[in-house]
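Colleague: model the structure of this input:
(2 chains)
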Amino acid sequence: MSEIVIEPVTRIEGHAKITLFLNEAGRVADAHFHVTQVRGFERIAQGRPVYEMPSLMARICGICPVSHLIASAKACDEILGVAVPPVAVLLRRVMNLAQIVQSHSLSFFYLTSPDLLLGFDHDPATRNIVGVAAQAPDLARDGIALRKFGQEIIEKLGGRRIHPAWVVPGGVSAALQPEQRESILAAIPDARARAERALAWYKQNLATWAQEAAHFGNFPSLYMGLVHASGNAAYSDGDLRIVDGKGHRVLDDGDPKLYWDYFGEAVEEWSYLKSPYYKPMGYPDGMYRVGPLARLNVVDQLGTEAADVELSEYRMRLGRYPSSSFHYHWARLIEILHCIDMIEEILSDPSILGTDVRSRAAINRHEGVGVSEAPRGTLFHHYRVDEDGVVQWVNLIIATGHNNLAMNRSVLQVARQYVKGTDVKEGALNRVEAVIRTYDPCLSCSTHALGQMPMEVDIVGPDGSLQRRLTREKD
Amino acid sequence: MQPGSVLVVGYGNTLRGDDGVGAEVAEAVSLQRQSAPELTDAVVTWADQLTPEMALDLSRSRFAVFIDAASGAHPAGSVTLQDLVPPGSAGAPASCVIPAGCWQDLAPGDLLALAAGLYGHAPSAVLVSVGVATMDLGTGLSPLVREAVPRAAAAVRQAIAGKCSDERLRALAAAGTGL
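Modeller: Numbering: from 1, shown residues only, chains lettered A, B, ... in the order given. Now for the predicted structure:
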């Protein structure tokens, strides 16, 4: 069997590698998506005071630190045994929604739009955000403005764009000030208009990417996300819902604290990234997807008017339960619009300026589980502490981990479609990478590793020998 | 930020040893605001890396100073100043050369080109580079680079003071490691 290796995989957060195994006929027989970073945060945290955990865990990622802050703070809330003041619950939500806007904007406009606008076969030297700026300046400006919108909300609330320490066990460390509220609300109309323009552009061009949509991880699977009792999307609270490809509710009103009853974590020797699966269906049949595509599949509706109109069109054109991972992109844009409108809805209520934003307590329990929706999907933090509140054990299940089985299957599907033998064209290589990008994986998060990681493709022959290595240098 | 401000951006990873010197210098400049009149309208920031969003702030600036760590031919602790040539103020930012697919690796010239291409204005700008000894994992600067921080901060202030004078900028550039 021949083998193709792609390393580094570009335009993702982190460092990974793809190996394609060829059979005697030179066709792709199997594919592995390897995450080559070593995890460490679950061990680093041991011995630390639990009060440090939110700010320590936020260091896992520079893109989505807020999601880690919130999941971690919720796990700490449990350990303290406190009821978080309602205003603080809402303020945490605002920060998480802002984080989703900025992270989705990075994913769609900076990392994905070069392929969509310029083409998957375009010269890689200019297939980037600068190439987008040259050809479609409005699209680039919208992306920059939307990312800035999300970042500035995070900065206004937390004092800094990256690793804000404002979300703390028991609530948040400071109340929202009237001028902060006004400045955020003032920015909403512009952000909304930009999100709507991007959606219009995407829908207008959807047919252009029909071939990719047909082959980019297009298979039935389970889908998971947090849902409010109303059936609306939940990003910081809510219960777990899992549906299958036909919409059957495999799990409904699932208590996030019981996540260990629902999910197993398999380990493959060729990757540091674990492969979670839905336990009742076993490994690997219990493959499921999380993130924007999955969230739009599990919710009844999003819960804001304009986004629900978009969701209706999305479902009308793609079906009620779209199965292609290519549609993560569209789902991401709809979520940007929804999050902007949710931020407005929450901040429009003057009670958000309330000053009771933190409950304080000592250690009252020895174990806590926190869950939230990160931009890439559902995020679990689970801690055990001793009587002094010193962390003894940590388990993290990160969005990118949940998607690991689906990412591997997606790479195999795309490789079978576009790779024939070892003479791999750059455009085919880019498509193999691009299917990974649909999931917007954050490998720093998923292995909780320190540093950055780019990626590589190996082609392995039927006899196990390396036939070709394709490496895209990062620098 | 206010239109027409001076923008100072220190960048680099503070968890990679001397790579964090850009942030250290920017912080030092920020602390000198009270005593340095040339910093009156300066907006001083620092970040792990340059990102496309900074192009918008750049386009609203009349002058920009980037501060970065430099390896290779730059001796550890050396401070050099380079005049950045503003890109064409209109049209495609063709001067950008970004490694395939990377948005994390923007250079000051890329950002200036983005500012010009997307927002119609790129300010004149300089790059203050500090030679590094190590960029291994870890916080804190090596001794030679630590000693260079005040000199680099002075170079930033001097560049701002002489921002409207090409001759002055050239003189600073010529001074090179003697700053």
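Colleague: buried stuff in stretch A:17-25?
Modeller: Residues of stretch A:17-25 classed as buried by neighbour count (16 or more other CB atoms under 10 Å in any protein chain shown): A:17-22. Quick note: C-beta positions are derived from backbone N, CA and C, even for glycine.
Colleague: among these, name the ones in strands.
Modeller: A:17-22 (DSSP state E).
Colleague: quick check, residue A:75 in contact with residue A:379.
Modeller: No: counting by CB atoms under 8 Å, residue A:75 does not reach residue A:379; the two are 10.7 Å apart.
Colleague: find the nearest non-adjacent residue to residue 23, please.
Modeller: No chain was given, so I picked chain A. Leaving out its chain neighbours, the residue that sits closest to residue A:23 by CB to CB, 6 or more residues apart in numbering or on different chains is residue A:29, at 4.2 Å.
Colleague: actually, chain B is the one I wanted.
Modeller: Nearest to residue B:23 is residue B:46, by CB to CB, 6+ apart, at 3.9 Å.
Colleague: which residues does the one you found contact?
Modeller: B:9-11, B:22-23, B:26-27 (CB atoms under 8 Å, 6 or more residues apart in numbering or on different chains).
Colleague: can you do 6 Å?
Modeller: Residues near residue B:46 by CB atoms under 6 Å, 6 or more residues apart in numbering or on different chains: B:10, B:23, B:26.
Colleague: quick check: beta-bridge partners of it?
Modeller: Counting by DSSP bridges, residue B:46 is bridged to residue B:10.
Colleague: helices or strands up against the longest helix along chain A?
Modeller: When chain A is parsed with DSSP state H, its longest helix is helix A:178-205. Applying 3 or more CB pairs under 6 Å, 6 or more residues apart in numbering or on different chains; DSSP states H and E, one finds that helix A:178-205 contacts helix A:137-158, helix A:328-347.
Colleague: now do residue A:179, the pLDDT please.
Modeller: Note on residue A:179: pLDDT of 96.
Colleague: near chain B, which residues of chain A?
Modeller: A:10-11, A:110, A:124, A:128-130, A:133-134, A:137, A:140-141, A:144, A:147-148, A:472 (CB under 6 Å from any CB of the partner chain).
Colleague: okay, now the unreliable bits of chain B?
Modeller: Low-confidence regions of chain B, defined by pLDDT under 70, span residues B:1-4, B:86-105, B:164-179.
Colleague: neighbours of residue A:238, how many?
Modeller: Neighbour count for residue A:238, taken as other CB atoms under 10 Å in any protein chain shown: 21.
Colleague: doesn't residue A:225 make contact with it?
Modeller: No: using CB atoms under 6 Å, residue A:238 is not in contact with residue A:225; the gap is 8.4 Å.
Colleague: contacts for the lengthiest helix in chain B?
Modeller: Scanning chain B for the helix with the most residues, using DSSP H, yields helix B:143-161. Helix B:143-161 is contacted from outside by B:6, B:18, B:21, B:24-25, B:28-29, B:36, B:38, B:65, B:76-77, B:79, B:81, B:126, B:128, B:130, B:132-133, B:172, B:179, using CB under 6 Å, 6+ apart.
Colleague: if you set the cut-off to 8 Å instead, what comes out?
Modeller: B:6, B:8, B:18, B:21, B:24-26, B:28-29, B:32, B:36, B:38-39, B:42, B:63, B:65, B:67, B:76-79, B:81, B:126, B:128, B:130-133, B:141, B:168-169, B:172, B:179.
Colleague: for stretch A:299-306, which positions count as buried?
Modeller: In stretch A:299-306, counting by 16+ other CB under 10 Å, buried: A:299, A:301-304, A:306.
Colleague: let me have those residues in TSV, extended by pLDDT and secondary structure.
Modeller: TSV is the format used below for the buried residues of stretch A:299-306 (pLDDT from 0 to 100; DSSP: H, G, I helix; E, B strand; the rest coil):
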residue	pLDDT	secondary structure
A:299	98	coil
A:301	98	strand
A:302	98	coil
A:303	97	coil
A:304	98	coil
A:306	98	helix
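Colleague: of all the residues you listed, which two lie farthest apart?
Modeller: A:299 and A:306 (15.5 Å; CB to CB).
Colleague: quick revisit: right, and the helix or strand after the longest helix of chain A?
Modeller: Once the chain leaves helix A:178-205, the next helix or strand it forms, by DSSP states H and E, is helix A:210-215.
Colleague: tell me which helix or strand residue A:125 sits in.
Modeller: Using DSSP H and E, residue A:125 falls outside every helix and strand.
Colleague: who are the contact partners of the nearest residue to residue A:208 once chain neighbours are set aside?
Modeller: The shortest distance from residue A:208 to any residue other than its chain neighbours is 7.8 Å, reached at residue A:116 (CB to CB, 6+ apart). Residues in contact with residue A:116 (CB under 8 Å, 6+ apart) are A:202, A:205, A:208-209, A:329.
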